[in-house]
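Trainee: pasting a predicted model and its sequence here:
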Amino acid sequence: MANTIDGAGRATPLVLVVEDEPAIATAVAHRMRAEGWTAEIAADGITAVETALRILPDVVVLDVMLPGLDGLEVCRRIQAEHPIPVIMLTARDDETDMLVGLGVGADDYLTKPFSMRELVARTRSLLRRVERSAQLAARQSTLPTIVSGDVVIDRAQRRVSRAGAEIHLTPTEFDLLMTLATSPRTVLTREKLLAEVWDWIDASGTRTVDSHVKALRRKLGPDLIRTVHGVGYAFEPTPGS
Ligand code: CA
């Protein structure tokens with residue numbers, strides 16, 4: 001992946017802003033540049049996919065409602081080629097849930113209207129996370145595989161299978177599962193998970209945690225992650241492990 005902050009590629013992070021409303025697109029790009037990042041704009045879905053695969057940005061800020069190809073399809077097409085981190089801009093909270101349910105594979109979701117400050121903070125944390133993931137992956141390559149019943153979490157290869165079938169997880173979903181599975185039967189609060197996985201400490205992001213837990217349950221089965229109401233989530237080893 002063309003990542004930057006590790007010094008392997010570009011000197012500054014590159015963000016692709018996909019938004020068809022010119023005023024918003026310009027304002028977001030302007031703000032990103034003020035952060036010292038490079039920002040490019042794509043105003044429709046087809047151009048977004050083409051641009052993302054050509055310039056391989058470090059983060060894509062992706063509006064859902066786009067002419068031509070909507071944000072869902074843009075995200076799918078990009079992710080099918082490259083695991084580029086995506087922040088999806090949605091119109092409502094329940095739209096976020098719907099997108100997660102469809103397994104679109106965005107790393108974070110932000111509901112419109114949002115503050116520029118919040119978008120920048122989320123983008124920055126995603127950039128940090130990408131950098132950390134690369135370091136983590138290097139370190140994890142020596143960690144033993146977690147086996148829990150018929151679930152196998154290969155930390156070195158960052159692969160997960162259940163009952164012998166490989167489960168495709170996004171990098172964020174994998175990090176969340178690993179964080180939970182590393183401390184089985186331990187309740188981790190949403191805030192703790194946000195801090196660990198997203199490197200993000202604002203409680204407004206806890207919805208993102210819920211959305212990703214839903215995605216993990218959909219892909220891995222409903223029995224692995226227990227909800228502790230009002231507190232958080234716990235990884236429950238499957239019987240026989
Ligand atoms: Ca739009």
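Mentor: In hand now; what should we look at?
Trainee: give me the most central residue, the chain.
Mentor: By C-alpha atoms, centre = their mean, the chain has its centre lying nearest to residue 107, at 1.5 Å.
Trainee: quick check: that residue touching residue 83?
Mentor: No - using C-beta atoms under 8 Å, residue 107 makes no contact with residue 83, being 9.5 Å away. All C-beta atoms are positioned from the backbone trio N, CA, C, and that covers glycine.
Trainee: between these two, which contacts overlap?
Mentor: Shared contacts of residue 107 and residue 83 (C-beta atoms under 8 Å, 6 or more residues apart in numbering): 170, 171.
Trainee: for the spatially closest residue to residue 64 that is not a sequence neighbour, what are its contacts?
Mentor: Take residue 64 and drop its neighbours on the chain: the residue closest to it by C-beta to C-beta, 6 or more residues apart in numbering is residue 71, 3.8 Å away. When contacts are counted by C-beta under 8 Å, 6+ apart, residue 71 touches 18, 45, 62, 63, 64, 65, 88, 89.
Trainee: let me know the pLDDT of the nearest residue to the last one once chain neighbours are set aside.
Mentor: Counting by C-beta to C-beta, 6+ apart, the nearest residue to residue 89 once its immediate chain neighbours are dropped is residue 63, at 4.6 Å. Residue-level confidence at residue 63 comes out at 96, pLDDT.
Trainee: swap in residue 88?
Mentor: At residue 88, the model reports a pLDDT of 93.
Trainee: is the lowest-mean-pLDDT helix or strand in the chain up against the ion anywhere?
Mentor: Least confident helix or strand of the chain, by mean pLDDT, DSSP states H and E, is helix 93-101 with a mean of 74. No - residues of helix 93-101 are not located near the ion by C-beta under 5 Å from the ion, the shortest gap being 12.4 Å.
Trainee: average model confidence for the helix or strand just after that helix?
Mentor: Where DSSP states H and E defines the elements, the next helix or strand beyond helix 93-101 is strand 108-111. On average, the pLDDT along strand 108-111 is 89.
Trainee: same check on stretch 176-190?
Mentor: The pLDDT scores in stretch 176-190 average 94.
Trainee: measure it end to end?
Mentor: One end of stretch 176-190 sits 11 Å from the other (C-alpha to C-alpha, to the nearest Å).
Trainee: kindly report the same for stretch 155-166.
Mentor: 14 Å.
Trainee: give the buried residues for it.
Mentor: For stretch 155-166, burial by neighbour count (16 or more other C-beta atoms under 10 Å) applies to 155, 158, 160, 162.
Trainee: and the ion, which of the residues you listed reach it?
Mentor: Counting by C-beta under 5 Å from the ion, no member of the buried residues of stretch 155-166 is near the ion.
Trainee: now, those that are in strands?
Mentor: The strands, defined by DSSP state E, take in 160, 162 from the buried residues of stretch 155-166.
Trainee: buried set for the longest helix along the chain?
Mentor: Ranked by residue count under DSSP state H, the longest helix found in the chain is helix 116-140. For helix 116-140, the neighbour count (16+ other C-beta under 10 Å) marks 119-120, 122-127, 129-131, 133, 136, 140 as buried.
Trainee: which of the residues you listed sits closest to the ion?
Mentor: residue 119 (14.6 Å; C-beta to the ion).
Trainee: what's near enough to touch that closest one?
Mentor: The contact partners of residue 119, taken as C-beta under 8 Å, 6+ apart, are 28, 31, 61, 87, 110.
Trainee: same thing but 6 Å
Mentor: With contact set as C-beta atoms under 6 Å, 6 or more residues apart in numbering, residue 119 has no partners.
Trainee: the residue nearest to the centre of the chain contacts residue 171, correct?
Mentor: No - checked against C-beta atoms under 6 Å, the pair residue 107 and residue 171 is beyond contact range at 7.2 Å.
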